[in-house]
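>>> pasting the structure only:
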């Protein structure tokens, strides 16, 4: 066969090339979230180790007691209602096997007696406070010329005790603007208040308040001085009305730091005198704390340094 001739068996060879496409670029940010979670967990772990190393056994016990579900009801009978669920006023169906831990220290009995005594004092104070409020309102209403000043008097109960506030009204101020000399109507109200609270055993806190209107830019006399001067002027009026000076616990100038009308700092109602009949339990508790601080043993409040082990990392 001649070299230049092609036969039917000679077919062309077809080569197929497959190219693999490798996609690069951004693969998503899920690894960042995972890494952030890992760093947060490690930080929390190291904080836990640090807390364990610096707290005493007593502090650890108190922390453990805080997280124990001791407030769960011990009743298993339910409330008797549909589904036997829990309500605000009745015991629920859940029960707890956690036994209440009782502090058996030396001062536990004394603390219990003191709490009971404080509770009894609070009951007596609540009764006397209600009577004082009623007597004060009757005294104002019984004097025709003072009836119009009833809106200048606010009486409410606070955690500290009974609060009686002499408040400025638009057109009916208790003090001249920027002055600490009480007007006649303020003197009358303070005298009536003194007569009502004169025979009570509670200590009294007198506090002056102003609005947010400022004096001049470079003024040496500010709302702090004005509020303090007004509270002292009120104290002098109460003492002149027969109040025993030993009843005064403190006299404060609060300036505009505790506004009565929060959303209107320049309101005249923010200018007021607060007279608080302090609860006896609060006053006695403060005195006990002060005595305890004075009689503390030197170095008793300093924690005993713990022995550091070799190879353990301690955080400051």
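Received it, and whenever you're ready, just let me know what you need. Since this is a predicted model, take the numbers as computed values, not measurements.
>>> Next, find the distance separating the most centrally placed residue in the chain from residue 145.
Central residue of the chain (C-alpha atoms, centre = their mean): residue 159, 11.4 Å from the mean position. For residue 159, the distance to residue 145 equals 35 Å [C-beta to C-beta, to the nearest Å]. (Each C-beta comes from the backbone N, C-alpha and C, glycine too.)
>>> again, but for residue 137
Distance, residue 137 to residue 145, by C-beta to C-beta: 16 Å.
>>> Give me the more crowded residue out of these two.
residue 137 (14 against 8; other C-beta atoms under 10 Å).
>>> and that one, what element?
If you go by DSSP states H and E, residue 137 is part of helix 108-142.
>>> what's that helix packed up against?
The contact analysis (3 or more C-beta pairs under 8 Å, 6 or more residues apart in numbering; DSSP states H and E) places helix 108-142 against helix 144-147, strand 153-158, strand 161-167, helix 184-197, strand 272-278, helix 280-294.
>>> Which positions in the second one come out as buried?
Okay, so that is strand 153-158. 153, 155 (16 or more other C-beta atoms under 10 Å).
>>> centre of the chain versus that strand, how much separation?
Put simply, strand 153-158 sits 20 Å off its chain's centre (C-alpha atoms, centre = their mean, to the nearest Å).
>>> could you give the angle of it to strand 161-167?
Here strand 153-158 points in a direction 150 degrees away from that of strand 161-167 (axes from the mean of the first three to the mean of the last three C-alpha atoms, to 10 degrees).
>>> Can you give the contact residues for strand 153-158?
Identification of contacts with strand 153-158 by C-beta atoms under 8 Å, 6 or more residues apart in numbering yields 129, 133, 136-137, 140, 162-167, 189, 272, 276.
>>> Same list (those) but as CSV, adding pLDDT and distance to residue 173.
What follows is those, written out as CSV (pLDDT from 0 to 100; distance: C-beta to C-beta, whole Å):
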residue, pLDDT, distance to residue 173
129, 93, 28
133, 91, 24
136, 90, 21
137, 87, 22
140, 85, 18
162, 95, 24
163, 96, 20
164, 96, 18
165, 96, 14
166, 95, 10
167, 95, 10
189, 93, 12
272, 96, 10
276, 96, 22
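>>> now, which of those sits nearest residue 223?
Of all the contacts of strand 153-158, residue 272 has the smallest distance to residue 223: 12.9 Å, by C-beta to C-beta.
>>> Hmm, the closest one is touching residue 169, no?
No. Using C-beta atoms under 8 Å, residue 272 makes no contact with residue 169, being 10.2 Å away.
>>> Between the two, tell me which one has more neighbours.
More neighbours surround residue 272 than the other of residue 272 and residue 169, with 25 against 14 (other C-beta under 10 Å).
>>> Not counting residues beside it along the chain, what's closest to that one?
Computed as C-beta to C-beta, 6 or more residues apart in numbering, the closest residue to residue 272 that is not its neighbour in sequence is residue 167, at 4.3 Å.
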